[in-house]
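Colleague: sequence plus predicted model, see below.
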Amino acid sequence: MNTTQRSTQEWQAADAAHYLHPFTDFKSLAGKGSRVITKAENIYLWDSDGAKILDAMSGLWCVNVGYGQQALIDAATKQLTTLPFYNSFFQTATPPAIELAELLAEVTPPQFQHVFFSGSGSEGNDTIVRMVRRYWDVLGQPERTVIISRNNAYHGSTMAGASLGGMSGMHAQGGLPIPGIVHIEQPFWFELARGTEALSPEAEKASRDAFGLKAASWLEAKILEIGADKVAAFIGEPVQGAGGVIVPPDTYWPEIQRICDKYNILLVSDEVICGFGRTGHWFGCERFGYTPDLMTFAKGVTSGYIPLGGVMVGKRVADVLIEQGGEFNHGYTYSGHPVACAVGIANIKLIQREHLVENVHDDLGPYLAKHFTALAEHPLVGEVQTCGLMAAVQLVKDKATGAPFAPEVELGMLCRGHCFGNGLIMRAVGDRMIIAPPLVITRAQIDEMMALMRRCLDLTLADATRNGWLR
Ligand code: PXG
């Protein structure tokens, strides 16, 4: 460790004095004090008081191979010693960047033979905006600038990333969205189409499938409203992650693809969370059966051990930019950072060697789904959804009708508090509790995670009962 040894109180005091955290009410956190995480191994974290915590969020949806993987540590150490940095700007390259590009072409769908590196997912989506507009410009259609995204999407926190995202709280600060980015409604069946009737499983399935087509039709309506000759691209996460693990109906993505094809619009898949095995496929677009022209990635490419992101550029776009584009005036100092790329190579090889994607697809995903189906019986649970190793539990006041709790109750935050207190990290998005554990989790560890989750739901139910919130 390169830091000093201090007590929790000392860490918290220094933190409050100097460190402004992302997405945080600074004053409120300074009053409470941060939880200081000091070490990690496999799927567990330890805080500065020595408490052990099961990390069911993989850091922040990124530590796919779990903590402490020696192959990644060795790759970073070796590269730091050999060549800690060189850029790729002035007709130069480094072996790790070249080799990772080659490996990414191997593990991504076949239309992807080229990559543009960034330092994060947000930067990757900035690249997307620049690149899709450049593409249409080179093709002599510079008026095709509009990018269509969705409400409650998350695409990052830079000006372009936050604009592409559909988070109203983010748009409310800093003059967003930037021009030329518009949003349609999200494919969130439970919130937008469930209604208040009790549903049989058959009726629910039919309702979900019909809603998937309807949600996709909002894209076509928006294209027609704007004029197809003005629309450059549609962007979406295969499963909305930060929005609450919203798994779209199976009818949704194929219809989105059909509409993009019909109007010749580029289809962009933001795979920052869904990429590198999370859904039980290498990439989420493969799970949902569509063929994007561009893909953003980050997080799982290095399992978060070191920052790296980028854009996979499909043949349709690459051919135009390479053959006719001339110089593309865009890039970052850390595009293709050799240490980050070396870790990326070690990470992907580990995922391949340990068959992590196959394990999620064949074993762990179905096992988690079985547990979540059982959890659906819990009195607080209105809906469960899983996709590979990501899952959501929607907390409701009335199981039969799906009626929500009053927002001021903040039941999700209360449940999250119980999780923290009981050694489990789970995220709350409103009253939707979500998890995305490392792909190396075992069946026994899934049992342990589910037992913790159940205990926290029971504690939350006891709170709701005691306070009369269920009536
Ligand atoms: N796209 C998607 C789909 C993401 O989930 C980004 C882009 C941006 O990546 P960077 O590396 O710039 O953060 C993300 C990031 C949350 C949470 O609360 C989710 C993310 C980031 C921070 C918080 O669930 N996803």
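Modeller: Cool, got the structure.

Colleague: could you look up the SS state of the residue nearest to G241 when sequence neighbours are not counted?
Modeller: The shortest distance from G241 to any non-neighbouring residue, by C-beta to C-beta, 6 or more residues apart in numbering, is to I273 (3.7 Å). (Each C-beta comes from the backbone N, C-alpha and C, glycine too.) Classification of I273 using DSSP: H, G, I helix; E, B strand; the rest coil returns coil.

Colleague: contacts only, for I273.
Modeller: By C-beta atoms under 8 Å, 6 or more residues apart in numbering, the residues touching I273 are W61, E237, V239, G241, A242, K299, G300, M390, A436.

Colleague: buried subset of those residues?
Modeller: W61, E237, V239, G241, A242, K299, G300, M390, A436 (16 or more other C-beta atoms under 10 Å).

Colleague: do you know how far the fourth one is from the ligand?
Modeller: Distance of G241 to the ligand, computed by C-beta to the nearest ligand atom, to the nearest Å: 5 Å.

Colleague: circling back to that earlier point, distance check, the residue nearest to G241 against S48.
Modeller: 28 Å (C-beta to C-beta, to the nearest Å).

Colleague: near the ligand at all, stretch 127-140?
Modeller: No - in terms of C-beta under 6 Å from any ligand atom, no part of stretch 127-140 sits within range of the ligand; the closest distance is 10.0 Å.

Colleague: begin at 11 from here
Modeller: That works, and once the first residue is 11, the last one we named lands at stretch 137-150.

Colleague: now do that stretch: everything it contacts.
Modeller: Under the contact criterion C-beta under 8 Å, 6+ apart, stretch 137-150 has outside partners 126, 128, 152, 154-155, 157, 170, 174, 191, 242-243, 245, 276, 278, 304, 306, 320-321, 323, 327, 330-331, 334-335, 338, 340.

Colleague: restricted to buried residues, select these in PyMOL.
Modeller: A single PyMOL command is used to select the members of the contacts of stretch 137-150 judged buried by 16+ other C-beta under 10 Å:
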select buried, resi 126+128+154+155+157+170+174+191+242+243+245+276+278+304+306+320+321+323+327+330+331+335
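
Colleague: among the contacts of stretch 137-150, which are located in helices?
Modeller: A170, L174, V327, V330, L331, Q334 (DSSP state H).

Colleague: farthest-separated two in these?
Modeller: L174 and Q334 (26.0 Å; C-beta to C-beta).

Colleague: show me what contacts N274?
Modeller: Contact partners of N274, counting by C-beta under 8 Å, 6+ apart, are A238.

Colleague: got the confidence number for it?
Modeller: In the predicted model, N274 carries a pLDDT score of 98.

Colleague: so it, which state does it fall into?
Modeller: Going by three-state DSSP: N274 is coil.

Colleague: look up how far the ligand lies from it.
Modeller: Separation of N274 from the ligand (C-beta to the nearest ligand atom): 25 Å.

Colleague: likewise T475?
Modeller: Distance, T475 to the ligand, using C-beta to the nearest ligand atom: 29 Å.

Colleague: host element of that residue?
Modeller: helix 453-476 (DSSP states H and E).
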